[in-house]
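# no sequence on this one, just coordinates:
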C-alpha cells in the first residue's frame, strides 16, 4: 500500500506550524512497517502567512511543530541554521507537539527535519526550510574574546568582553549558552560572570599540556532581550604549551619550578617583608618586560624616606596589573634564600631572573605559599581565577543557581601598585 496524506487547512499564522498528514498503513517489501520507505508526513505549512510568497518568520516567535492527526505522532524534530547552530526544543509525551526552547536567530536560514509515525508504526519524514526576518531592534551585543590567538600556559583563562552590560539572569543565560570553548582533548569547564560585561572561562583543573582551544560565539542574530540582539565575534584559537608551574615558598625563601610534573630548577628568592607581604595563592603570568622602572612613590612611600626607592629593574615577569613581578634584584642577593626584604615582589639574582624570564610564558602558573600576605584577588588585578574552588566557580555561571557577580568593592580596594 502507499500513503495518501490528508489535506488540511492550517489557520495559525503566528507560529511556524508543520501540519502532519495521516496516512494509511505502510508496507515494505516484507510487509513490516519499519522496512517501509518513509512517507511525506507534511504537505501543508503555515509560515507567518502563505508559504512560498517570500515572507519570513518572525524570530521573536517560537518554532512549533504539531501533529494534526489523532492517529499519528511526532517522534523527533531537529532545527538547525545555516551556520550549524541547533535550536533546542521539547517534545510532548504523547508526541502531539514540539516547540523550541531557545531563541531563533534573526536574518538566518533554518532547516527543520521532522520524523513521525502513524498508528501502525510506519515512519514519516519531512524536511522544511525557512528564513527569519531581520531584527527590528538597533542594539547589537558584540563579544571580544581573549587572549589573542597564540600559545599560552596551562593557567590561562579565556575571557569574553561584552560591548553592552547584561544584568538579567535569563539574558545572561542566552549569552552564556552561545559562547563556546571546545578543547582537544576535551575537558569540562564553565563561564563565570566577573561583571555585567566580562566573563572568564576555565576548567576544573588546569588545561592539559599541549591542548588546543577553539573559542567562538554563536550569538550573532540571536535575540537577547528587548531591542538587544547578538552581533558578530571573531573566533580565537589557543594552543596550550608545557605545564609550567612555579611554587614560591615565602617561609623557606625558595622557588621550585616544574615542567610537566618534573622539577627543572630550584631558586633562592626573597619575597615581601613585613608590611609589604607578597600575596599568597595562584597567579598567572600576564607578560614579560625586559626593563621596568619602579618607584616607591607608586605605592605611597614618601620620597626620601627610609623605604623610598627608584630602581631600574630587569627581567621582570608580571603577575599582577598593580605591579607584582618576579624580577632581577641584584641588590638583595645576600638575602635571597635567607630572608624576605622586598616590597612585595619576588626577587632573584640577575642570572636566575633571566632564566625564569626565558622559561615561562604568558599563562603559566606562579603559586605563592606560606606568606603572611593576603590571598591574590580573584579578579581585577590579573588572573586569580584558580583561587576559587570548583563549586564556587560553577556558582558564577548564569546556568547555575546562586550566580555571583564578581569581586566585591572591598576586594577591588586591595589592589596595590608597583612594588619591588
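Cool, got the structure. Since we're looking at a predicted model, the values are computed, not measured.
# show the pLDDT at the closest residue to residue 133 other than its chain neighbours.
Closest residue in space to residue 133, ignoring its immediate chain neighbours: residue 56 at 4.1 Å, by C-beta to C-beta, 6 or more residues apart in numbering. C-betas here are computed from N, CA, C, even on glycine. For residue 56, the pLDDT comes out at 79.
# how near is residue 56 to residue 174?
21 Å (C-beta to C-beta, to the nearest Å).
# which of the two has more residues huddled nearby?
residue 174 (21 against 17; other C-beta atoms under 10 Å).
# for that one, phi and psi?
phi -60, psi -50 (degrees, to the nearest 10).
# could you verify my assumption that it touches residue 229?
No - applying C-beta atoms under 8 Å, one finds residue 174 not in contact with residue 229, separated by 10.6 Å.
# what about the helices in the stretch 251-400 of the chain?
350-359, 390-395 (DSSP state H, counting those that start in this stretch).
# now those helices as CSV including distance to residue 94, mean neighbour count and mean pLDDT?
Output for the helices of the stretch 251-400 of the chain, formatted as CSV (distance: least, C-beta to C-beta, whole Å; neighbours: other C-beta atoms under 10 Å; pLDDT from 0 to 100):
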stretch, distance to residue 94, mean neighbour count, mean pLDDT
helix 350-359, 64, 17, 98
helix 390-395, 36, 16, 97
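# for the stretch 101-250 of the chain, just list every one of the strands.
Applying DSSP state E, counting those that start in this stretch to the stretch 101-250 of the chain gives strands spanning 109-117, 123-131, 139-141, 143-146, 150-152, 158-162, 179-184, 189-195, 198-203, 212-217, 223-225, 228-230, 236-240, 244-249.
# distance to residue 283 added to those strands, as TSV?
TSV is the format used below for those (distance: least, C-beta to C-beta, whole Å):
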stretch	distance to residue 283
strand 109-117	46
strand 123-131	50
strand 139-141	31
strand 143-146	17
strand 150-152	14
strand 158-162	16
strand 179-184	22
strand 189-195	16
strand 198-203	14
strand 212-217	21
strand 223-225	34
strand 228-230	33
strand 236-240	18
strand 244-249	10
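# closest one to residue 357 among those strands?
strand 244-249 (11.9 Å; C-beta to C-beta).
# got the angle for the closest one vs helix 350-359?
Angle, strand 244-249 to helix 350-359, by axes from the mean of the first three to the mean of the last three C-alpha atoms, to 10 degrees: 140 degrees.
# give me the contacts around strand 244-249.
153-154, 206, 254-259, 269, 271, 278, 326, 346, 356, 359-361, 364-370 (C-beta atoms under 8 Å, 6 or more residues apart in numbering).
# now do 7 Å
153, 255-259, 269, 271, 346, 359-360, 364-370 (C-beta atoms under 7 Å, 6 or more residues apart in numbering).
# do stretch 76-95 as well
Here stretch 76-95 has contacts from 63, 65, 67, 73-75, 98-102, 104-105, 108-115, 218, using C-beta under 7 Å, 6+ apart.
# filter those residues to the buried ones?
Buried residues within these, counting neighbours by 16 or more other C-beta atoms under 10 Å: 63, 65, 67, 73-75, 98, 100, 102, 104-105, 108, 110, 112, 114, 218.
# so of those residues, which ones are in helices?
With helices taken from DSSP state H, there is no overlap with the buried ones among the contacts of stretch 76-95.
# returning to what we had before: common neighbours of residue 174 and residue 229, please.
Common neighbours of residue 174 and residue 229 (C-beta under 7 Å, 6+ apart) are residue 222.
# so what's residue 258 up against?
245, 264.
# and which of the buried ones among the contacts of stretch 76-95 is nearest to residue 399?
Using C-beta to C-beta, the buried ones among the contacts of stretch 76-95 come closest to residue 399 at residue 102, 12.5 Å.
# so where's the stretch 201-350 of the chain shaky on pLDDT?
Along the stretch 201-350 of the chain, the parts satisfying pLDDT under 70 run over 296-310.
# so which of the buried ones among the contacts of stretch 76-95 comes closest to residue 316?
For the buried ones among the contacts of stretch 76-95, with residue 316 as the reference and C-beta to C-beta as the criterion, the closest is residue 218, at 39.7 Å.
# list phi and psi for the closest one.
phi -110, psi 30.
# how about it: what's its closest non-neighbour residue?
residue 178 (4.4 Å).
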